[in-house]
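Asker: Quick one: sequence plus predicted model below, questions after.
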There are 2 protein chains.
Amino acid sequence: MAWDTEGTRRRLREAALAEFAARGLDGTTVGSIAERAGVNKERLYSYFGDKRALWELVLATELERLASAVALTGVSLSDIGEFAGATYDYHAAHPELGRLLQWEGLQGGPPVDALGRTAHYREKVSRFAAAQLEGRLDADLDPAHLVFALIALAAWWQTVPQLAEMVTGAAPDDLRERDRRRRFVVDAARRLASPTA
Amino acid sequence: MAWDTEGTRRRLREAALAEFAARGLDGTTVGSIAERAGVNKERLYSYFGDKRALWELVLATELERLASAVALTGVSLSDIGEFAGATYDYHAAHPELGRLLQWEGLQGGPPVDALGRTAHYREKVSRFAAAQLEGRLDADLDPAHLVFALIALAAWWQTVPQLAEMVTGAAPDDLRERDRRRRFVVDAARRLASPTA
DNA sequence: CAGGTTACCAACGCTGCGGTTGGAATCAGC
DNA sequence: GCTGATTCCAACCGCAGCGTTGGTAACCTG
């Protein structure tokens, strides 16, 4: 059979994303990644170094993808509800990233690309602070806390799906419920951020 | 040395709680639990069966503890903000439970004691629904979604502490910041739930 | 087509972990 | 203090998983 080095690299990365999201860094075996990719596991070592290096590559790639996806939507802070809704959409459409981040959080140690991510969030926070000065957000709120809470609202559903199922009683693949959740998130974000009397 | 069967049992359970919370079911080794307990690992098998059985026992115990702790506080729904605050306090004081639940959620499979937990949450939801009828909560909100969002607000900080650190810039053990977060949670819960014009 | 290089794989070494076992130390009853 | 039961542990077994190695087959250059 003909060779396809770029293809095997890609297949390994995709297989790694699926396996890592499902089972975490320690939980996935190099063999299972190779098997899913239809490739000998030695390829993984020659291409990516070792399991951890591949993990960091996959995680960094997904973070990059999120950043560019958010940038593309062009959603500004003019409607904080839609901002939360877009974040909800992204996590609902790409549950892998949320799971990767959760595994990373649980397994401890410094986050991958801590500096870049910190800068990203701090920038978001400063935009919220600017919106406060314009009176579009309640001035009593700590903008960092608000950003954090919006992420919580948007991501929590994917983070603890079993809890969501127990609380709401909805099946995991209920599209109607997904839509209702989105509307709730949008509404809740507005309630959180709007200036009150 | 004299024997202390109840003591070794307890030491094993405590060691298991710490190790499981830190590394999850698959990540912790039976040897590490035994070593932390200062006991031979064979004791674990004769007392608890195997690793998974001990995991389920530990998780069920912590859930029980949370249930009785919440019941003891006597916090009703009269002030939904304080309700969220109490939940925040519990998770801040007992981060192990949150981590156990997170590991459980990630590793998939049916939750431990799914029926009991579902009943617990559904009961909470029905109380919120009753509060809606009395006009103390906004009638437009789905009470299940509201319950879920309150848990998100209270638990998210412990769930993704690295994210919290990146967004807020606060050190993990900053007590002042912890207190500010609590006030934010209480305030945010009230904003979420209050009837609006 | 000859020689060298590159992509690939089957099979292996080794370590670490879940679970077991055989026996030693401690206790309780007499 | 003797006997049987109970608690405890050091050592072991089997296996799974990470990372490597020796070798084969496809490609490239002349």
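Answerer: Looks like it arrived, so ask away.

Asker: Just the element for the closest residue to A:Asp113 other than its chain neighbours, please.
Answerer: Nearest residue to A:Asp113, sequence neighbours excluded (C-beta to C-beta, 6 or more residues apart in numbering or on different chains): A:Ala60, at 5.8 Å. In this view, the C-beta of every residue, glycine as well, is placed from N, C-alpha and C. Using DSSP states H and E, the element containing A:Ala60 is helix A:51-73.

Asker: what sits up against that helix?
Answerer: Helix A:51-73 has contacts (C-beta atoms under 8 Å, 6 or more residues apart in numbering or on different chains) with A:12-13, A:16-17, A:20, A:25, A:28, A:30, A:33, A:44, A:48, A:86-87, A:90, A:94, A:96-97, A:100-101, A:104, A:112-113, A:117, A:120.

Asker: what's the burial count for the residue nearest to A:Asp113?
Answerer: By other C-beta atoms under 10 Å in any protein chain shown, 14 other residues sit near A:Ala60.

Asker: before we move on, back to that, strands - which of the contacts of helix A:51-73 land there?
Answerer: Taking DSSP state E, every one of the contacts of helix A:51-73 sits outside strands.

Asker: contacting residues for the one residue in chain A that gets nearest to DNA strand C?
Answerer: Per C-beta to the nearest atom of the strand, A:Asn40 is where chain A lies closest to DNA strand C, at 3.5 Å. Applying C-beta under 8 Å, 6+ apart to A:Asn40 gives the contacts A:Ala34.

Asker: Now do it against A:Thr8, distance only.
Answerer: In this view, A:Asn40 and A:Thr8 are 9 Å apart by C-beta to C-beta, to the nearest Å.

Asker: Likewise for A:Thr28?
Answerer: Noted for A:Thr28: a distance of 18 Å to A:Thr8, by C-beta to C-beta.

Asker: Among these two, which residue is more densely surrounded?
Answerer: Neighbours were counted for A:Thr28 and for A:Thr8 using other C-beta under 10 Å; A:Thr28 has more, 22 against 17.

Asker: Do I have it right that the more buried one meets A:Ala22?
Answerer: Yes - between A:Thr28 and A:Ala22 there is a contact under C-beta atoms under 8 Å: 7.3 Å.

Asker: number of nearby residues for A:Arg122?
Answerer: Residues within reach of A:Arg122, counting by other C-beta under 10 Å, total 16.

Asker: quick one: contacts for it?
Answerer: Each residue near A:Arg122 by C-beta under 8 Å, 6+ apart is listed here: B:166-167, B:169.

Asker: Please apply the same query to A:Tyr88.
Answerer: A:153-155, A:157, A:181-182, A:185-186.

Asker: go on, A:Leu137?
Answerer: Applying C-beta under 8 Å, 6+ apart, the residues near A:Leu137 are A:80, A:128, A:131, A:143, A:146, A:193-195.

Asker: got the residues of chain A near DNA strand D?
Answerer: A:1-3, A:28-31, A:41-42, A:45, A:50-52 (C-beta under 7 Å from any atom of the strand).
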